[in-house]
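[1] dropping a prediction and its sequence here:
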Amino acid sequence: MQYQIVGILLIFISLILGYLSLQAYRKNNFRKAVLWLVVIGLSLRLFIASDRYLHKWDESYHALVAKNMISDPFAPKLYKEALIEYDYRNWTKNHIWLHKQPFPLWTMGASLTIFSHSAFAVRLPSILLGTLGIWIIFLLGARLFNQKAGAIAAFFMATNGLILELTSGRSPTDHIDVFFLSFVLFAILTVVEFQKTKKIKYLFFTGLLTGISVLCKWLPGLVVIPVWMVLTHGGLPFNKWLASLAFLILITLAIFLPWQIYTYIEFPTEFIWEQEFNSRHITEALIYPENGYFYHWRKIWMLYGAMVYIPLAYYVYRMISNKISRAGLAVLVWFLLPYVFFTFVQTRMQGYTLFAAPALFLMIGVFISEELERHWKTFNAVRYLLISLLLILPLIHTFERLKPFHSRDINPGWIKQIKSLPQEIHEDRVAIFNAQHYVNIMFYTPFLAYEDVPSKEEVEKLQQKGYTVYVNTSPAIPVGILEMKEVRTLKLIQDN
């Protein structure tokens, strides 16, 4: 009930702030309009991130590795100690954890160090990056096109349902994709600054941010480089342009290559396996094999509104008819490269193309500000209808993801029990088995936890190493395990 009341208040306040933003927009006070959008975006992110537990896919794993990296930033571990046999190929139960690049994990670890070991501290970097992104996309739109386009793009960045849901950790790929989206966006803003000023510091920042984006979610972050090539081509003498491109690539490599070399040397088995596994995503449908080649193109209407195909078609038409500006072509390249590439990648998930979302937001902003508002004035009814649909339809999916009017237990009994375990169990070295929320247990307590029932050999091995073994009896387990000496039992609440 409390969640519903807060949700109702949130929507009410967001509507008021949205009205204030619209009024400022109509008065051409675009910075003020975007500041109200920043407040809305921050409020929505704080609300949706209010669950007091870690979500299973994939947030809990990212959070646990981030916690373990606090004490050893250069040894990413899921299980801090490998006390029993494990399969290094199983990223949900292994020891050395190279399933994701390190930068988001380092940042979450820093947040946990500063703000305590909580789910909110895990989400805080994503909340801040996503909120900053609202202002950054406004600046990018204003520099590339006009302030109206930037303000419209900021509206979508503030309210997009998928971005909000990933910020909350409720959806797979969670904070990794928020980081990835953010640093690609930040890098492209520095591209524009370099294009306009030709200052070497912006070229350096582009390389730095591009390298960080690769350290968030691997090589698709290099999309920044073709965008840079399109925007800057012809703006410098060819030899200087080529030298600048080489410098950009060099800085980018200097940022992300050391981690790859280091992990290959230190953890060769895990590194080679993860690289092979990543490659298999391209050739094998590891998740949802029925999605098909048009999965990402079909998904656009749900993620960004059914009318979004109109500005997209408008942009493609402008490109084909050679009526597109260099800035427009760069944004189209930013959007199309990921979508074309991931069309042919056999494993498909909705977050894979998220880093192209700002490009689509900018295209919608340009379509509304330059086409509809300037050239459709004789078709006012159609113009207002189309603008309304472009803005409102995506909000339907935002509501579906926010669930502001639904009853939701943000602090369920099972997480309260997990957090209280250190008060109930006083041994220092503890291993808990048959635990549904084994990752949450390891995050919130100093104990090791396993999802499976242990074998006699595993129990004996742990006891020899000085561990007290607990087995959860809910749900029921084989009677034999309870007959073993020095195996203690507890009853953990299951999440049904």
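    That came through fine.
[2] so where's the longest helix in this protein?
    helix 238-266 (DSSP state H).
[3] contacting residues for the closest residue to Tyr352 other than its chain neighbours?
    Nearest residue to Tyr352 in three dimensions, chain neighbours excluded: Phe342, at 5.0 Å (C-beta to C-beta, 6 or more residues apart in numbering). Yep, even glycine has a C-beta here, placed from its N, CA and C like the rest. Taking C-beta atoms under 8 Å, 6 or more residues apart in numbering as the criterion, Phe342 is in contact with His296, Arg348, Tyr352, Thr353.
[4] could you list which of those belong to helices?
    His296.
[5] just the contacts of Phe342 now: which is nearest Pro220?
    Nearest to Pro220 out of the contacts of Phe342 is Tyr352 (C-beta to C-beta; 8.1 Å).
[6] shouldn't the closest one be in contact with Phe344?
    No: using C-beta atoms under 8 Å as the test, Tyr352 is too far from Phe344 to be in contact (11.9 Å).
[7] these two: which is more packed in?
    Tyr352 (23 against 9; other C-beta atoms under 10 Å).
[8] got the contact list for Asp452?
    Under the criterion of C-beta under 8 Å, 6+ apart, the contact partners of Asp452 comprise Phe433, Asn434.
[9] for it, what are phi and psi?
    The phi and psi values for Asp452, taken as degrees, to the nearest 10, are phi -90, psi 170.
[10] returning to what we had before: same question for the longest helix of the chain, mean pLDDT?
    Helix 238-266 shows a mean pLDDT of 97.
[11] and stretch 441-448, by the same measure?
    Computed over stretch 441-448, the average pLDDT equals 96.
[12] measure it end to end?
    Chord length of stretch 441-448, first to last residue, is 8 Å (C-alpha to C-alpha, to the nearest Å).
[13] tell me how far that stretch lies from the chain's centre.
    Centre-to-centre, stretch 441-448 and its host chain are 24 Å apart (C-alpha atoms, centre = their mean, to the nearest Å).
[14] and the contacts of it?
    So stretch 441-448 is contacted by 54, 60, 63-64, 67, 79-81, 83, 117, 415, 418-419, 421-422, 425, 428, 430-432, 435, 449, 467 (C-beta under 8 Å, 6+ apart).
[15] and if we set it to 7 Å?
    With contact meaning C-beta atoms under 7 Å, 6 or more residues apart in numbering, stretch 441-448 is reached by 54, 60, 63-64, 67, 79, 81, 83, 117, 418-419, 421-422, 430-432, 435, 449.
[16] just the buried members of the residues you listed?
    Buried by 16 or more other C-beta atoms under 10 Å: 54, 60, 63-64, 67, 79, 83, 418-419, 421, 430-432, 435, 449, out of those.
[17] take these and keep only those in helices.
    Filtering the buried ones among the contacts of stretch 441-448 for helices - DSSP H - leaves Ala63, Leu64, Lys67, Ile418, Lys419, Leu421.
[18] how far away is the last one from Ile70?
    It refers to Leu421. When C-beta to C-beta, to the nearest Å is the yardstick, Leu421 and Ile70 sit 20 Å from each other.
[19] one step back: out of the contacts of Phe342, what pair is the most spread apart?
    Farthest pair in those, by C-beta to C-beta: Arg348 and Thr353, 9.2 Å.
[20] overlap in contacts of the two?
    His296, Phe342.
[21] circling back to that earlier point, Ser325: which of the contacts of Phe342 is nearest?
    Thr353 (23.8 Å).
[22] for that closest one, what are its contacts?
    Contacts of Thr353 by C-beta under 7 Å, 6+ apart are His296, Pro338, Tyr339, Phe342.
[23] kindly report the same for Leu492.
    Taking C-beta under 7 Å, 6+ apart as the definition, contacts of Leu492 comprise Gln417, Ala435, Asn472, Ser474.
[24] could you find the closest non-adjacent residue to the first one?
    Closest residue to Gln417 in three dimensions, ignoring its sequence neighbours and counting by C-beta to C-beta, 6+ apart: Ile493, at 5.3 Å.
[25] helix, strand, or coil at that neighbour?
    Taking DSSP: H, G, I helix; E, B strand; the rest coil as the rule, one finds Ile493 in the coil state.
[26] what separates the host helix or strand of Ile392 from the chain centre, distance-wise?
    According to DSSP states H and E, Ile392 maps onto helix 380-402. Put simply, helix 380-402 sits 24 Å off its chain's centre (C-alpha atoms, centre = their mean).
[27] list the buried ones in it?
    Arg383, Leu386, Ile387, Leu390, Leu391, Leu393, Pro394, Leu395, His397, Thr398, Arg401, Leu402.
[28] residue contacts, the closest residue to the fourth one other than its chain neighbours?
    What it means is Leu390. The shortest distance from Leu390 to any non-neighbouring residue, by C-beta to C-beta, 6+ apart, is to Met307 (5.0 Å). Counting by C-beta under 7 Å, 6+ apart, Met307 makes contact with Leu386, Leu389, Leu390, Leu393.
[29] repeat for Leu393
    Gly305, Ala306, Met307.
[30] Ala357 versus that one, what's the distance?
    15 Å.
[31] repeat that for Ile212.
    18 Å.
[32] so what would you say the end-to-end distance of stretch 46-63 is?
    End residues of stretch 46-63 are separated by 18 Å (C-alpha to C-alpha).
[33] hmm, who's touching it?
    6, 10, 78, 92, 100, 105, 108, 119-120, 122-123, 127, 164-165, 167-170, 172-176, 402, 410-412, 415, 439-440, 443.
[34] fine, thanks again, bye for now.
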